[in-house]
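S.K.: fold the following.
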Amino acid sequence: MENATLDVYAPEERTPELLHRLTAVWEDSVQATHRFLSNEEIQKIKACVPQALSGISTLVAVEREPGRPVAFTGMDGARLEMLSVASAERGRGLGRRLIEAGIRNYGIREVTVNEQNPQAIGFYEHLGFRAYKRTDHDEQGNPYPLLYMRLT
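M.R.: The predicted structure follows:
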């Protein structure tokens, strides 16, 4: 993770500009990894991302330059709620370092992942997470099966 810093953003530090940049990272990441979603569905979800980023209890971003995030995690208690890595940064260990920092510093033990995203499932399994529950629909009732995973 050379030339990159991990920054924790308290709620009062989450400016509209930062939320805009994080949302851009989210969209780029989803376009690269969530091929089962249509562009229309991605845009619909994107409209909710700034609010989710504002409200998440712990927000950690990787920045190569100050104020320029390239990856981030959002955590709530022991649950990883979101992980996004810009497509140009994939495969460089940023996601792994964010998850390892989340486990070490914030007690992350659980994550929910779309079953239709096999790369994410493999990534979390490689880090020691195992599925313990499956649903046929996502939390909004859409027909996207979810796997609930715990750190073993």
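S.K.: and the strands in the chain?
M.R.: Counting by DSSP state E, one finds strands in the chain at the ranges 5-9, 58-65, 68-76, 79-85, 110-114, 129-135, 146-151.
S.K.: so where's this structure shaky on pLDDT?
M.R.: Along the chain, segments meeting pLDDT under 70 span 1-2.
S.K.: and the longest helix for the chain?
M.R.: For the chain, the longest helix by residue count, based on DSSP state H, is helix 16-33.
S.K.: what comes into contact with that helix?
M.R.: 9, 37, 42, 45-46, 49-50, 53-54, 59, 61, 67-72, 82, 84-87, 90, 117, 119-120 (C-beta atoms under 8 Å, 6 or more residues apart in numbering). No exception for glycine: its C-beta is placed from N, CA and C like everyone else's.
S.K.: ok, stretch 128-146 next?
M.R.: Contacts for stretch 128-146 (C-beta under 8 Å, 6+ apart): 36, 111-116, 121, 147-152.
S.K.: list only buried entries from those residues.
M.R.: Neighbour counting with 16 or more other C-beta atoms under 10 Å marks Val111, Thr112, Val113, Asn114, Glu115, Ile121, Leu147, Met149, Leu151 as buried within those.
S.K.: and the gap between the fourth one and Gly107?
M.R.: Going back to what we said before, that points to Asn114. Here Asn114 is placed at a distance of 24 Å from Gly107 (C-beta to C-beta, to the nearest Å).
S.K.: the last one too?
M.R.: Here the criterion is C-beta to C-beta. By it, Leu151 lies 10 Å from Gly107.
S.K.: try Pro69
M.R.: Taking C-beta to C-beta, one finds Pro69 at 23 Å from Gly107.
S.K.: who's more crowded, these two?
M.R.: Each of Pro69 and Gly107 has its neighbours counted (other C-beta atoms under 10 Å); Pro69 has more, 22 against 12.
S.K.: residue nearest the centroid of the chain?
M.R.: Taking C-alpha atoms, centre = their mean, the centroid of the chain lies closest to Leu83, which sits 1.3 Å from it.
S.K.: skip the chain neighbours and tell me the closest residue to it.
M.R.: Thr73 (5.1 Å; C-beta to C-beta, 6 or more residues apart in numbering).
S.K.: tell me who's in contact with the one you found.
M.R.: Residues counted as contacts of Thr73 (C-beta under 8 Å, 6+ apart) are Thr58, Leu59, Val60, Leu80, Met82, Leu83, Leu98, Ile99, Gly102.
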